Structure formats: C-alpha cells, structure tokens
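Engineer: Let me see the structure of the following:
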Amino acid sequence: MRKQYRWLLAAAAVFFIAVIGVVVSLFQSAKGGVPVLNYHQINDTEKNALTVNTEQFEAQMKYLAENGYTAITPADMLDAWENGTQLPEKPVIITFDDGYLDNYNHAFPVLEKYQLKATIFLISDYVNTYPNYLTWSAVQDMQQSGLIDFESHTLSHEELTKAPDLDEAKHQLIGSKQAIEWNLGKQVNFIAYPCGEYNDDIEQATKDAGYRAAFTVNYGLAEPGEDPFILDRVPIFGSNSHTLARFKLRLTLAPLFAPLNKVKMELREDHPTLASFILVP
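Structural biologist: Numbers count the residues shown, from 1 in each chain. Model (predicted):
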C-alpha cells in the first residue's frame, strides 16, 4: 500500500512538472507577441455576445492605462517586426470591428480620457447609411483626435470565402480600401476579415489589393515571424459576461488559453460534449 502511494505521488509530481513545463514553453514561445483586443459594440442597451457595456469597457481601459500597457497601432507593430523599430514594454492594440455609432458615443470618450489609441475596421458601405453605424463626420472627428485609425472591414461585410466568385471578393477588398482612402485622405493598409473567414485565394487577393496585413478573429497573440495576413486577436466577445476578471484572464493568459480554445473549436462540431469540458474564459 505504501509502495503504491509512493508511485502515485511520483506520478503526480511528474505530471505537475510536465504541466509547468508546457506552460513555461507556451509563454516563452509567445514572447514578443502583441495582444490585439477585438471589440464590436460598446453600449448599455444591447445584451448580446458582441456588446460590452460602457462601465465594463471603461474598467478595462483603466486597467490597461494603470498597468503599464501602451496602446499602439497595427502600423507600429508591423514597423517593429519589419524594420526593427522598438516597441514599448507592454504593447497592446485596441480594435473595433464594423464601425458602430456607439464606438463614437461611448468608446471614444473613454479612449480620450485615458489617451489610448485604437483602430476601427469600417464596413465602408454602412457609414452614413444605417442609423446605428458611424457617419463620415464622426469618423473624421475621431481621426482628427490623433487617437483613432480607420482601416477596412470590406464594403458590406460579406464573408469573403462565401462570395459568389473571387472577383466579388476582390471588389469587396479594393472598394472598401478606396472608399475609406477617398473620404479620409489617408492610406488604408490593414483589414479585418469579416467573421474572420479566409482561405489561400482570399489571402492572395488581400495582398494583391495592396494591404500590408490582415486580422482574423482567432484567439491568440499577433506574433513576429507569423504570416501577417492571418494575424490572431484576443476577442473580447463571445460571452454575455464581459467582466474585468474575464478581460484580465483573456489578456494576460492568452498564450495558455489560445491553444486550448483552438482544440475546443476543432472538437465542437464532431464532439460537442467533449468540447464542453474544455473551459476557456
């Protein structure tokens, strides 16, 4: 009995050491990675997985400002990777997809308060078209602050892999880039794929359209050395509980939770019960 107990204790110790080794390895391999936070709506009326309420959003931005994070742009990150320019000690990129009006009414004042830069990926055909989306006037106001950069999220948020043909996908990529450039008088270099969907043809079309890099909605850090046209982000959505605790876990433990999330997503279709046992905040 005592011998069996010793064997179990030894096995537990080996397992514990192995787990620690895996965790250390994951964080080491993610060294130099940049968390790219991915938001959508910021308001106090809608209760869905894409919406963070204003109080929680401010708490999250305050946490970044008070804990040594420096908000940078996608261009800052690519410049560092390609040209060796220095990044701050704790860089973070704050992004919003779609271009909702509440980004101007609720998120922008908070970003101004804490002097945090952010990037908004616009669905360009929705600007000045739908009441819950931004106007060009609001976009220009935010751009003039020097805090907000505007990039592409295609013309109409068509999932590019489901476009009728590649020509339509190219039209979505090029048309949105040109519309934003014409309205804002700036070069558009980045895109967030609608719903994060892409394939080899879409990636090549994105390069051909003149973009510098592209973002998915896959959970993980954007890391130097990886394909710049399939950059990961840290989604701050997908749950109806956008608490500060969840935010901290997703931000600081992304190297640990991202691989678990990938396994969970792969299992979800064929083995949903098994996938439910993998807990990712």
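Engineer: pLDDT weak spots in the stretch 1-150 of the chain?
Structural biologist: Low-confidence segments of the stretch 1-150 of the chain (pLDDT under 70): 1-31.
Engineer: Which strand residues bridge residue 222?
Structural biologist: Using DSSP bridges, the bridge partners assigned to residue 222 are residue 34.
Engineer: Now do it, the pLDDT please.
Structural biologist: pLDDT for residue 222: 97.
Engineer: if I pick it, what's in contact with it?
Structural biologist: 33, 34, 35, 36, 77, 93, 215, 231, 232, 233 (CB atoms under 8 Å, 6 or more residues apart in numbering). Every residue, glycine included, has its C-beta placed from N, CA and C.
Engineer: In the stretch 101-250 of the chain, mark out all the strands, start to finish.
Structural biologist: All strands of the stretch 101-250 of the chain, identified by DSSP state E, counting those that start in this stretch, fall at 118-122, 148-152, 190-192, 213-219, 231-235.
Engineer: As a markdown table, the ones you listed with mean neighbour count and distance to residue 110 would be great.
Structural biologist: Output for the strands of the stretch 101-250 of the chain, formatted as a markdown table (neighbours: other CB atoms under 10 Å; distance: least, CB to CB, whole Å):
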| stretch | mean neighbour count | distance to residue 110 |
| --- | --- | --- |
| strand 118-122 | 25 | 10 |
| strand 148-152 | 25 | 12 |
| strand 190-192 | 26 | 21 |
| strand 213-219 | 22 | 22 |
| strand 231-235 | 24 | 18 |
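Engineer: Residue 101 is in contact with residue 138, correct?
Structural biologist: Yes: if you go by CB atoms under 8 Å, residue 138 and residue 101 touch, sitting 7.1 Å apart.
Engineer: one step back: any idea which of the contacts of residue 222 is closest to residue 125?
Structural biologist: Comparing the contacts of residue 222 against residue 125 with CB to CB places residue 215 closest, at 19.7 Å.
Engineer: Would you confirm that the closest one contacts residue 194?
Structural biologist: No: the pair residue 215 and residue 194 fails to qualify as a contact (CB under 8 Å) at a distance of 11.1 Å.
Engineer: Could you point out which residue ranges in the stretch 151-281 of the chain have low pLDDT?
Structural biologist: 274-275, 277.
Engineer: All the helices of it, residue numbers only.
Structural biologist: 166-184, 200-208, 244-252, 254-268, 272-276 (DSSP state H, counting those that start in this stretch).
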